[in-house]
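Chemist: Quick one, what's the 3D model for this:
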Amino acid sequence: MKIPKPTDAELEILQVLWEHGANTVRFVNEHLNEKKETGYTTTLKLMQIMHGKEMLSRDDRNRTHIFDAAVKEDDIQKELLDKFLDATFRGSASKLVMHALGNSQTSKEELDQIRQLLDQLEGGK
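Modeler: Residues are numbered from 1 along each chain as shown. The predicted structure follows:
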């Protein structure tokens, strides 16, 4: 299956569903409104479009339809990161990491996690 590339608005909807699980349009809309005002009908239309693109599944056995993410968060993150890496850093993961670490305050805990990941990638050397 080809991984779809969600728009920014679609990604926001997916993030609500990934975090909270299958839910109603109203629930998703209320969470979107915590960040910026979004009309209910706008959210409904986007979710219907996403269902048509097979990004969302829909349970319509009850009067209130329940939507769920039909794509995995890891798959979308990998797809978006690969495109970003190619377009922005000409495919260089090291340039991306150097920029990310150089442009922000990285906590000791985050650095420890990065060291642990590097150890795993190197086979525990």
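Chemist: Next, count neighbours for the nearest residue in space to Lys53 that is not next to it in sequence.
Modeler: Nearest residue to Lys53 in three dimensions, chain neighbours excluded: Pro4, at 5.6 Å (CB to CB, 6 or more residues apart in numbering). Every residue, glycine included, has its C-beta placed from N, CA and C. Using other CB atoms under 10 Å, Pro4 is surrounded by 16 other residues.
Chemist: Pro4 - that's part of a strand, no?
Modeler: No - assessed with DSSP: H, G, I helix; E, B strand; the rest coil, Pro4 is coil; it does not lie in a strand.
Chemist: Please determine how far it is located from Glu37.
Modeler: Remark: distance between Pro4 and Glu37 (CB to CB, to the nearest Å) = 26 Å.
Chemist: Same question for Met55.
Modeler: Computed as CB to CB, the Met55 to Glu37 distance reads 23 Å.
Chemist: More neighbours: which of these two?
Modeler: Counted by other CB under 10 Å, Met55 and Glu37 do not tie: Met55 has more neighbours, with 23 against 8.
Chemist: For that one, give me phi and psi.
Modeler: phi -90, psi -30 (degrees, to the nearest 10).
Chemist: shouldn't it be in contact with Leu14?
Modeler: Yes - counting by CB atoms under 8 Å, Leu14 is a contact partner of Met55 at 6.9 Å.
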